[in-house]
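> Requesting a structural model of the entry that follows:
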Amino acid sequence: MDKHDDWKTKSANIITGCSHDCLYCYSKEMAVRYGWVKLEDWPTERFRQHSFDANIKKSDRIVQYPTSHDITPVHLDQSIQFLQKIVDAGNEVMIVSKPHLECIKKICKEFVQYKKMILFRFTIGSTDDKVLKFWEPGAPCFKERLNCLKYAFNKGYQTSVSCEPMLDNHIDKVVGKVDPFVTETIWIGKANRLLGTTGRGRLVFNGKLTPESKQKALQLIEWQSDENLIKLYESLKSNNKIRWKTSISSVLQKHSLPV
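Below is the predicted model:
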């Protein structure tokens, strides 16, 4: 299903807000910046009936669900019903999630006959639970995400991993752990716009800027230097599952490295 370059997909969502409440969340930033939701309301997930009821047609692109929230136990049944609408229209679907095992087990059970149409892409930016808990406070731990990947893989589904954003300087550990259970690709990308060039980055808009988060953001930015990214590239370039998000591929191209 690796037909797309840097996730050129059609987005689908049925929830406003996300209980994972990741500090670096792009969707939260946009929602708060443009007044679509109050900052304090974001962690409370609200089902959008009108989005659920919208007519779904066959797309010439893979449908990515979700893109601005996640699949959590609270709205699992609605997510399954919505996914059914997507595949019933003849669409291939990429399910992107910081996954909960109970959700993945139920989705795998419900869509057995649609395995060829479904790709799971699980987001894992670190193997360190302390790191994950800081940046993604409401999301599952590393072991649960890895178990979700193993479960989907063992059930015969297409699987992929997103290491975007990288949350520490040991992303090679993530690659090593997930590689045996990935049938498609492992995407690696930077943490973007945490502080912004004028001090109005995502941590500010998301209400998460503290002395601690600023220090950790600066550390991430230092780890994501061109020099370190080139070293990462050299260490992983022999792995044909690795794909580089634009935030990294642009750096590699600047240094005349093939991507």
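
> what about the spatially closest residue to residue 21 that is not a sequence neighbour, which SS state?
In this structure, residue 21 finds its nearest non-sequential neighbour in residue 43, 4.5 Å apart by CB to CB, 6 or more residues apart in numbering. C-beta coordinates here come from the backbone N, C-alpha and C atoms, glycine included. Following DSSP: H, G, I helix; E, B strand; the rest coil, we place residue 43 in the coil state.

> Tell me how many other residues surround residue 43.
Using other CB atoms under 10 Å, residue 43 is surrounded by 14 other residues.

> could I have the host helix or strand of residue 234 exported to CSV, CA atoms only?
Element membership for residue 234, per DSSP states H and E: helix 226-236. Extracted C-alpha coordinates of helix 226-236, given in CSV (Å, rounded to 0.1, in the frame of the first residue of the first chain):
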residue,chain,number,x,y,z
ASP,A,226,21.7,18.5,10.6
GLU,A,227,24.7,16.7,11.9
ASN,A,228,22.8,14.3,14.0
LEU,A,229,20.2,13.7,11.3
ILE,A,230,22.9,12.8,8.9
LYS,A,231,24.4,10.3,11.4
LEU,A,232,20.9,8.8,11.9
TYR,A,233,20.5,8.5,8.1
GLU,A,234,23.8,6.8,7.8
SER,A,235,22.9,4.3,10.5
LEU,A,236,19.5,3.4,9.0
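
> Check which helices and strands that helix sits against.
helix 171-178, helix 246-254 (3 or more CB pairs under 8 Å, 6 or more residues apart in numbering; DSSP states H and E).

> neighbouring strands for the next helix or strand after the first one, and are they parallel or not?
If you walk from helix 171-178 toward the C-terminus, the next helix or strand you reach (DSSP H and E) is strand 186-188. The pairing partners recorded for strand 186-188 under DSSP bridges are strand 158-163 (parallel), strand 242-244 (parallel).

> how far out from the middle of the chain is strand 186-188?
In terms of CA atoms, centre = their mean, to the nearest Å, the centre of strand 186-188 is found 10 Å from the chain centre.

> what does stretch 135-155 give?
With CA atoms, centre = their mean, you get 12 Å for stretch 135-155.

> avg pLDDT for that stretch?
For stretch 135-155, the mean pLDDT works out to 98.

> can you check stretch 64-80 too?
97.

> Buried residues, that stretch. List them.
By 16 or more other CB atoms under 10 Å, the buried positions in stretch 64-80 come out as 64-72, 75, 78-80.

> Now tell me what touches that stretch from outside.
With CB atoms under 8 Å, 6 or more residues apart in numbering as the test, stretch 64-80 has contacts from 7, 9-20, 27, 30-31, 45, 47, 52, 82-83, 86, 93-100, 102-103, 106-107, 110, 139.

> 7 Å instead?
Outside stretch 64-80, the residues that touch it by CB atoms under 7 Å, 6 or more residues apart in numbering are 7, 9-15, 17-20, 27, 45, 47, 52, 82-83, 86, 93-98, 100, 102-103, 106-107, 110.

> Okay then, goodbye and thanks.
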